[in-house]
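> Pasting a predicted model and its sequence here:
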Amino acid sequence: MVNPLKRPVRVLVAKVGLDGHDRGAKVIASALRDAGMEVIYTGLRQTPEMVVNAALQEDVDAIGVSILSGAHMTVFPKIITLMKEKGMNDVLLTGGGIIPETDMQELQGMGVGTLFPPGTHTHDIASYITDWVAANRNF
């Protein structure tokens, strides 16, 4: 897990919709900070548009969406579509929560990165983000 950038990896952690359970998002945000990343946490009840606009403004390398509400098949496709419309082709969209394996595979087919179920070790998430950024961000 070597950061190829001359600056910390920048990650936006978001909670979209009415899902009010943010403990996991806060744990991930803290773990990513501990791994040396710069983390922007949007807080609760964000829209996909708000998430993508914040990611653009903050010039992030990755967006991580925590979702427990069951709306993942609406939220992730909307965010990936907005990212493509804004030319954010070199920004990772990843996340986690309660997402069935078949839905994870379908979302990855749409361009969403690896999605992590509850219980995933935070080191694995940090390594994945760092490795993805090393392979896909060229500056």
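That came in fine, so what should we check first?
> From now on I want contacts and neighbour counts done on CA atoms only, so please keep to that.
Fine.
> gap between the two ends of stretch 64-81?
Start to finish, the residues bounding stretch 64-81 are 15 Å apart (Cα to Cα, to the nearest Å).
> now that stretch, how far from the chain's geometric center?
10 Å (Cα atoms, centre = their mean, to the nearest Å).
> cool, and stretch 11-25?
10 Å.
> do the same with stretch 100-113
Worked out by Cα atoms, centre = their mean, stretch 100-113 lies 14 Å from the chain centre.
> then that stretch to CSV, C-alphas only?
The C-alpha coordinates for stretch 100-113 follow below in CSV (Å, rounded to 0.1, in the frame of the first residue of the first chain):
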residue,chain,number,x,y,z
PRO,A,100,-26.3,-8.7,-1.9
GLU,A,101,-23.5,-10.3,-3.9
THR,A,102,-25.5,-10.4,-7.1
ASP,A,103,-26.2,-6.7,-6.8
MET,A,104,-22.5,-6.0,-6.1
GLN,A,105,-21.6,-7.8,-9.4
GLU,A,106,-24.3,-5.9,-11.3
LEU,A,107,-23.0,-2.6,-9.9
GLN,A,108,-19.4,-3.4,-10.8
GLY,A,109,-20.6,-4.2,-14.3
MET,A,110,-21.8,-0.6,-14.4
GLY,A,111,-18.4,0.8,-13.4
VAL,A,112,-18.7,0.8,-9.6
GLY,A,113,-15.6,-0.4,-7.9
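> Show me which positions of that stretch end up buried.
By 16 or more other Cα atoms under 10 Å, the buried positions in stretch 100-113 come out as 104, 107, 108, 111, 112, 113.
> And the residue nearest the centre of this structure?
The centroid of the chain falls nearest to residue 64 when counting by Cα atoms, centre = their mean (1.5 Å).
> For that one, list each beta-bridge partner.
For residue 64, the beta-bridge partners under DSSP bridges are residue 13, residue 94.
> Lovely, talk soon.
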